[in-house]
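A.B. asks: Requesting a structural model of the entry that follows:
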Amino acid sequence: MREDKRFEGMLQAVWDRVLNRLPVLLILIGSNRSEMERLTSYDRPFHLRGTEMELGPLSVSDVASFTGLGAADAIDAFAVTGGQPLILAQWESGMTLKDFIRESIADPLSALLVSGERVLTAEFPTDANANGVLRAIGAGEATFTSIANSVGMSETTLQRSLDLLADRRMIVVERPLATSASRNTRYRIEDPYLRFWLAFLADQIPTIEAGRSNLVIDAIKTRWLAWRGRAIEPIIRDLLWRSYGITPPAAAVGGWWNRSNSIEIDLIGADRAPVAHKISYVGSIKWRESHPFGSADLAALVTASEAVPGAANAPYLAVSRTGFDVAAANLTTISPDQLVGS
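C.D. replies: Numbering: from 1, shown residues only. A predicted model of the protein is given here:
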């Protein structure tokens, strides 16, 4: 479609004149969601001639079944693989996540290693600006100013690249969820796998090809807990949004932060986004290897929630990888098993 502008018109002509009169099921499939959506948009030749269906990655529950991992480890595995079947197909029975990462990185041709480069090459074959911005966000830059400082672009060029990336659904543009509007904007990589690849593998392919995958493994070990703490948040939010009956009702699940980023709330449940009428709950995620969610964590959540517009009297919610040693009448606790099984 990008290379030959006549393609869609020819497809329409062949479909209208020949194929729709025959017992033929025509399937048009592509990984670029924005291009696929444009195919049937109002001003395009194939409008009203097809039914759209989005085939997403495997769910966290699917990943748990596929790998045999427990709920918490399956969520971690989803943060690394993004539920991509091609990557998970190389997961051997009995592997832990550490085993899988180690063996995949040792193989320069593994799907975990090469899929990210293929995505970038397919999406941005000639657009170096968008590619650079995506890599900056993947490296941890989340605000317009920090991304601009990282890539050295003018504001106009950067905004154009961010708009392109958002249009292609490569990034998500996030704002604090509360009962008042906010212009505090953050950007993150939408695909969990690409988030992992950009953070740890994108710049390390020469090192791996040189047979020094151990250096990459050491770097992942060093940064793993800090990276996972951030990477897990949108996954937990999505799981909570898809859940039913384990949290107070919420049509939207997001987070909240103030302008200086000195106060952050991991979870905000609300009746709508981006500006809510009612806050359903405020919550905290503690995805630690040890130490359950405790009284100090609850006290910190209560104090931080006082800054959130509309959160007064909202109940509290806690998600913990390693359990809880605190209870309160207005606190709902959520375990990994509840998230994956919901």
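A.B. asks: mind listing the strands for the stretch 51-200 of the chain?
C.D. replies: 171-174, 186-189 (DSSP state E, counting those that start in this stretch).
A.B. asks: quick one: the helices in the stretch 51-200 of the chain?
C.D. replies: 60-67, 71-81, 85-88, 97-106, 111-123, 128-138, 144-151, 155-167, 192-200 (DSSP state H, counting those that start in this stretch).
A.B. asks: Mind giving me the packing neighbours of the first one?
C.D. replies: Which is helix 60-67. helix 71-81, helix 85-88, helix 336-341 (3 or more Cβ pairs under 8 Å, 6 or more residues apart in numbering; DSSP states H and E). No exception for glycine: its C-beta is placed from N, CA and C like everyone else's.
A.B. asks: What average pLDDT does the shortest one get?
C.D. replies: Yep, that's helix 85-88 we're talking about. Taken as a whole, helix 85-88 carries a mean pLDDT of 96.
A.B. asks: Output the contacting helices and strands for it.
C.D. replies: Using 3+ Cβ pairs under 8 Å, 6+ apart, helix 85-88 is in contact with helix 60-67, helix 111-123.
A.B. asks: what's the least confident stretch among those helices?
C.D. replies: helix 111-123 - the lowest mean pLDDT of the helices and strands packed on helix 85-88, at a mean of 89.
A.B. asks: list the buried ones in that helix?
C.D. replies: A111, L112, L113, V114, S115, G116, V119, L120, E123 (16 or more other Cβ atoms under 10 Å).
A.B. asks: ok, back up a step: and the helices and strands packed on helix 85-88 as TSV, adding distance to F78?
C.D. replies: Shown next, in TSV, are these (distance: least, Cβ to Cβ, whole Å):
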stretch	distance to F78
helix 60-67	5
helix 111-123	13
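A.B. asks: which stretch among those comes nearest R2?
C.D. replies: Within those, the stretch nearest R2 is helix 111-123; the backing value is 10.4 Å (Cβ to Cβ).
A.B. asks: Report the inter-axis angle for that closest one versus helix 128-138.
C.D. replies: Counting by axes from the mean of the first three to the mean of the last three Cα atoms, to 10 degrees, helix 111-123 lies at 140 degrees to helix 128-138.
A.B. asks: Which residues does helix 111-123 contact?
C.D. replies: Helix 111-123 is contacted from outside by 31-32, 80-81, 84, 86-87, 89-90, 100-101, 104-105, 107-108, 130-131, 134, 168, 170, 191, 193-194, 197-198, 201-202, 205, 208, using Cβ atoms under 8 Å, 6 or more residues apart in numbering.
A.B. asks: what do you get if the cut-off is 6 Å, keeping everything else the same?
C.D. replies: L86, I87, Q90, S104, N131, L194, W197 (Cβ atoms under 6 Å, 6 or more residues apart in numbering).
A.B. asks: Any chance of a markdown table for those residues, columns neighbour count and distance to L11?
C.D. replies: Output for the contacts of helix 111-123, formatted as a markdown table (neighbours: other Cβ atoms under 10 Å; distance: Cβ to Cβ, whole Å):
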| residue | neighbour count | distance to L11 |
| --- | --- | --- |
| L86 | 13 | 27 |
| I87 | 24 | 32 |
| Q90 | 15 | 35 |
| S104 | 22 | 38 |
| N131 | 18 | 30 |
| L194 | 21 | 30 |
| W197 | 25 | 33 |
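A.B. asks: Can you say which two of these are spatially most distant?
C.D. replies: Taking Cβ to Cβ, no two of the contacts of helix 111-123 sit farther apart than Q90 and N131, at 26.1 Å.
A.B. asks: Quick check: of the buried residues of helix 111-123, which lies closest to H47?
C.D. replies: E123 (24.2 Å).
A.B. asks: ok so, going back, any idea which of the buried residues of helix 111-123 is closest to E8?
C.D. replies: Using Cβ to Cβ, the buried residues of helix 111-123 come closest to E8 at E123, 19.6 Å.
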